[in-house]
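Novice: Below: sequence and its predicted model.
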2 protein chains.
Amino acid sequence: MSGVCLITRGERVVFEFKVTARSEVSAARTGVLRTGHGDVPTPVFMPVGTRATVKTMTPEELKALGVTIVLVNSYHLSLRPGAETVRELGGVHCFMHWDGPILSDSGGYQVVSLAKLVKISEEGVSFRSHIDGKSLFLSPEEAVRMQAGLGVDVAMPLDRPAPYPSSYEDSRAAMELTFRWAERSRKVQREGGPALFGIVQGGFDRELRERCVREITGLDFDGYALGGLSIGEPRAVTRELCSVVAPMLPEDRPRYLMGVGDPDMLFDAVAAGVDMFDSALPTRIGRNGTALVRGGKVVVRNARYSRDPAPLEAGCSCYTCRHYSRGYLRHLFNTEEILGLRLVSWHNIYFVTHLLALMREAIAAGRFDELRREWVSGKDGSRDR
Amino acid sequence: MSGVCLITRGERVVFEFKVTARSEVSAARTGVLRTGHGDVPTPVFMPVGTRATVKTMTPEELKALGVTIVLVNSYHLSLRPGAETVRELGGVHCFMHWDGPILSDSGGYQVVSLAKLVKISEEGVSFRSHIDGKSLFLSPEEAVRMQAGLGVDVAMPLDRPAPYPSSYEDSRAAMELTFRWAERSRKVQREGGPALFGIVQGGFDRELRERCVREITGLDFDGYALGGLSIGEPRAVTRELCSVVAPMLPEDRPRYLMGVGDPDMLFDAVAAGVDMFDSALPTRIGRNGTALVRGGKVVVRNARYSRDPAPLEAGCSCYTCRHYSRGYLRHLFNTEEILGLRLVSWHNIYFVTHLLALMREAIAAGRFDELRREWVSGKDGSRDR
């Protein structure tokens, strides 16, 4: 254990999911995900902390703005600082000083998109590290063990997304390999270790996706994820596949749409019955000086904001909007001051986190569709987008 | 006024300095600097917020760690975003969301060190902006007016430091010009505007410095600064000039040693009767991954810290040391994560701010020399330095 760690890790990892309310006019639902590190009200947005830090933010800031669960990436952590180092420093919660629930991605997607000379075989993935070029091999079994070693609450098995576009044959092969890896992953899931989700692949073919759901749900995972979406395909395709797949997944398990963080898609997916989301979008565009606001975006660097005393978004109660003008934020970005990256990231994470809180309230109050309509009509086109 | 500004600016700027305790064995003293934006217990360290942001930090974080006054640079702010913009956005306190006292540097030193094609004449300084190359002219009168327009609590007149080394003739000429500019600056200081300090120049010549003190104190400034030190000369020279000049300054006015933030020199200067300090050192080396600790420095990137569960400094009660291990901090620097820059800057500002608090306590309790000896003996040489 680390000398500075004050976080108590749960005696054993508990995992439980309970649906608490349902919309009457859509498949939207609220629930509670119970883990050894606390409860997560769903639907929920999980900020991405790839390298065991949600970029620019402290855990206290995340909690203060309503974040209940974060995502880390076991591929990145296995390369730097190494899973063994994280373990020695008390596990990932202690390491990053986040005592709430943590979900880790296995890095299947990252191996393919970041690593060099990737060779995918039945056994697993051979690749060269994108950092130092070292030759590495990752099997489905090792991916599960590695995440268990990090001490996360929810782990994702190694999977094989199909790029967009892909032929039917390629999509089918990727889906079938994902399934066989899922079987191997499920076998090494240990009692007391992290919960493990099954990932639905199948490219952009509706029937392959449906087949994948039928097969993967037979393995009785703790939850199910929709993988390989939002990777470049048209939004209508994402929306359709999500609305087909989500309702087929077991009612009593959490459903997680990977890599989605933009407001419109969040509404669509929640309406289809999805419970969990993650995306680096709020922090990535935040560091670029783009703020998410209702109806579009505010590009902070825009010269027209140079003497604008208004906050990023009128009525927003995030720390940034309570205390700083667009004029000041523009100045911070113009002068490359780090506080600027912090303040816009802060607003963006709040924006998405708060939006999901509004959705939960609305679902519980039986007026989710009303909120969704209000949201759409709020797009007045007056922003930079 | 800005739409998001909740800071009330004082009706008029009050300025008052009172000595509250004196050491019996040195010239060290405690005091209170009263401004329209609050009281500052002295001796005090002022973190540098050159462009109206103390790099990486929010005002709330600075307050929480004990900061009572910050410094901004009117040269930088006049170039970006422009003094007029700051004024339109409610003045510098509102602009940067810091409601405590603010001291501004006139930028005389920055003009010479950063700007291109500098031409110094009796009238003032002609230069090209280091940002866009625009031709600009700054007179002593304009420097005072600009700082008053920003709304700072304490302004510094335009001055002319001599580089190290300088000939006697050059040092004398720079000192005499500084004096004539000081006279002009004093004349345009307005009732209700910022307090104005006289700056002692004179290169590295003891007699020139003494002559400057005699002349400049005749102008009856609100406080006095030792300028043009700690710019590359040997530490023994800084120490000697400081110990000669400080005691010659009026007892009832605050004394400010510009640009000094390293612990040893702070002890020496406080012992000589200096009340105020500023330095970008804690944040600059912090962003570089170097932490100030008693007895030296910790270079976070050092491989030996990769699995070190200890905090930056044992016993330190700053946010960083309470929650993060050296191993995690090293990981953040290795992966170029912004949180790393924040956490080490945070520790360093705390370190210096807390050191001055210890000095104030020790002076009041009549044991400043004891603290100083303890500090020196604390250098066990076990750190990276």
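Specialist: Perfect, thanks for sending it. This structure is a prediction, so every number in the text was calculated from the model and none was measured. Residues are numbered from 1 along each chain as shown, chains lettered A, B, ... in the order given.
Novice: can we go C-alpha only for contacts and neighbour counts from here?
Specialist: OK.
Novice: Spell out which parts of chain A neighbour chain B.
Specialist: Applying C-alpha under 8 Å from any C-alpha of the partner chain, we find that chain A lies next to chain B at A:1-6, A:51, A:53, A:55-58, A:80-81, A:85, A:88-89, A:95-97, A:306-311, A:321-325, A:327-328, A:331, A:335, A:337-339.
Novice: which among the residues you listed end up buried?
Specialist: Taking 16 or more other C-alpha atoms under 10 Å in any protein chain shown as the criterion, what is buried in the residues of chain A next to chain B is A:2-5, A:51, A:53, A:55-58, A:80-81, A:85, A:88-89, A:95-97, A:306-311, A:321-325, A:327-328, A:331, A:337-339.
Novice: Which ones among the residues you listed map onto helices?
Specialist: Counting by DSSP state H, the part of these found in helices is A:Thr85, A:Glu88, A:Phe95, A:Met96, A:Cys321, A:Arg322, A:His323, A:Gly327, A:Tyr328, A:His331, A:Ile338, A:Leu339.
Novice: which one is the fourth one nearest to, not counting chain neighbours?
Specialist: This points to A:Met96. A:Ala52 (5.8 Å; C-alpha to C-alpha, 6 or more residues apart in numbering or on different chains).
Novice: same question, the first one
Specialist: Distances taken as C-alpha to C-alpha, 6+ apart put B:Arg307 closest to A:Thr85, at 5.9 Å, once the chain neighbours are dropped.
Novice: what ranges of chain A fall below the confidence cut-off?
Specialist: A:1-13, A:378-385 (pLDDT under 70).
Novice: where do the strands sit along the stretch 101-250 of chain A?
Specialist: A:102-105, A:116-120, A:125-128, A:135-138, A:154-155, A:195-200, A:223-226 (DSSP state E, counting those that start in this stretch).
Novice: Check which residues of the fourth one are buried.
Specialist: Translated: strand A:135-138. Residues of strand A:135-138 classed as buried by neighbour count (16+ other C-alpha under 10 Å): A:Leu138.
Novice: Which neighbouring elements make contact with that strand?
Specialist: strand A:125-128 (3 or more C-alpha pairs under 8 Å, 6 or more residues apart in numbering or on different chains; DSSP states H and E).
Novice: got the buried residues for the strand it packs on?
Specialist: So, applying 16+ other C-alpha under 10 Å, buried residues of strand A:125-128: A:Val125, A:Ser126, A:Phe127, A:Arg128.
Novice: One more: stretch A:71-91?
Specialist: Under the neighbour-count criterion of 16+ other C-alpha under 10 Å, stretch A:71-91 has A:71-83, A:85-91 buried.
Novice: and if you look at stretch A:151-165?
Specialist: Those would be A:151-164, for stretch A:151-165 by 16+ other C-alpha under 10 Å.
Novice: Repeat that for stretch A:184-192.
Specialist: So stretch A:184-192, judged by 16+ other C-alpha under 10 Å, has buried residues A:Arg184, A:Ser185, A:Arg186, A:Gln189.
Novice: Let me see the residues that make contact with that stretch.
Specialist: A:Arg12, A:Val13, A:Val14, A:Pro140, A:Glu141, A:Val144, A:Arg145, A:Pro157, A:Leu158, A:Leu196, A:Leu219, A:Phe221 (C-alpha atoms under 8 Å, 6 or more residues apart in numbering or on different chains).
Novice: Would you agree A:Glu93 falls within a helix?
Specialist: Not quite, residue A:93 is His, not Glu. Yes. Per DSSP: H, G, I helix; E, B strand; the rest coil, A:His93 lies within a helix segment.
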